[in-house]
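Enquirer: would you be able to build a 3D model of this:
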Amino acid sequence: MEANEVHEFANQMKESGEGGGESLKTISLGISILAVLVAIVTVLGHRSHTEAVLMQSRAADQWNEYQAKKIRMDNLLVTVDLLALQPNNDPSAVAAKAKEYQAHIEKWKTDLAEEQEKAREFEREVTHAEAKAVRYDLGEALLQIAVVLSSITLLTRKRAYFLLGLSLGAAGIVIAVSALFVS
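Expert: Coordinates of the predicted model:
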């Protein structure tokens with residue numbers, strides 16, 4: 001139920017003469033606060049999901065970079081092997097070229113380790129963002145249920161629904177806030 005729908009319903013109840021005075025105002029205020037909290041937690045959850053998708057894309061790009069360098073290094077290794085097997089007239093030129101290629105290979109080995117670590121770091125960030133998003137999603141669900149249960153109070157005039165809604169709302173807030181402490 002949207003926040004404006006809750007307000008509209010509360011206004012209709014008040015206008016129809018079924019209002020409970022101060023109690024109805026308290027319940028309406030509580031529902032409105034829960035609706036605002038739902039909106040906040042929803043936005044935070046969406047941002048966490050977006051962050052996870054972006055980090056996943058970065059990790060994939062990083063692994064692609066790793067793979068490209070690995071292929072270049074492997075191709076150069078084959079070239080070095082072929083140079084050694086080919087008959088030639090100038091062994092010193094072949095040795096110099098093989099040494100040059102070997103220097104590239106050594107540099108790429110270092111680069112590969114760095115690329116691999118960067119990709120793994122992005123993957124850790126994906127896991128972190130997904131863990132946060134799961135908590136925001138659960139908090140959002142509990143807050144939405146809290147809004148619905150609290151709204152039932154307006155129909156039934158039974159305070160137990162309102163108290164149950166507030167309890168679930170508090171649990172939703174605690175779970176959503178716990179996303180901030182996910183490590």
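
Enquirer: could you pull up the mean pLDDT of the helix or strand harbouring residue 111?
Expert: Following DSSP states H and E, the helix or strand that holds residue 111 is helix 91-156. The average pLDDT within helix 91-156 is 92.

Enquirer: who are the packing partners of that helix?
Expert: helix 3-15, helix 22-85, helix 159-178 (3 or more Cβ pairs under 8 Å, 6 or more residues apart in numbering; DSSP states H and E). For every residue, glycine as well, the C-beta is placed using N, CA and C.

Enquirer: looking at these, which is closest to residue 122?
Expert: Of all the helices and strands packed on helix 91-156, helix 22-85 sits nearest to residue 122, with 3.6 Å by Cβ to Cβ.

Enquirer: can you pull the buried residues of stretch 136-154?
Expert: Buried positions in stretch 136-154, judged by neighbour count with 16 or more other Cβ atoms under 10 Å: 136-151, 153-154.

Enquirer: please save the CA atoms from that stretch in PDB.
Expert: Output in PDB follows, covering the C-alpha atoms of stretch 136-154 (Å, rounded to 0.1, in the frame of the first residue of the first chain):
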ATOM      1  CA  TYR A 136      17.800  -4.200   2.800                       C
ATOM      2  CA  ASP A 137      15.300  -6.400   1.000                       C
ATOM      3  CA  LEU A 138      14.400  -8.300   4.100                       C
ATOM      4  CA  GLY A 139      14.000  -5.000   6.000                       C
ATOM      5  CA  GLU A 140      11.900  -3.600   3.300                       C
ATOM      6  CA  ALA A 141       9.600  -6.700   3.300                       C
ATOM      7  CA  LEU A 142       9.100  -6.500   7.000                       C
ATOM      8  CA  LEU A 143       8.400  -2.800   6.800                       C
ATOM      9  CA  GLN A 144       5.800  -3.300   4.100                       C
ATOM     10  CA  ILE A 145       4.100  -6.000   6.100                       C
ATOM     11  CA  ALA A 146       4.100  -3.600   9.100                       C
ATOM     12  CA  VAL A 147       2.400  -0.900   7.000                       C
ATOM     13  CA  VAL A 148      -0.300  -3.400   6.000                       C
ATOM     14  CA  LEU A 149      -0.900  -4.800   9.500                       C
ATOM     15  CA  SER A 150      -1.000  -1.200  10.900                       C
ATOM     16  CA  SER A 151      -3.500  -0.300   8.200                       C
ATOM     17  CA  ILE A 152      -5.800  -3.200   9.300                       C
ATOM     18  CA  THR A 153      -6.100  -1.400  12.600                       C
ATOM     19  CA  LEU A 154      -8.000   1.400  10.800                       C
END
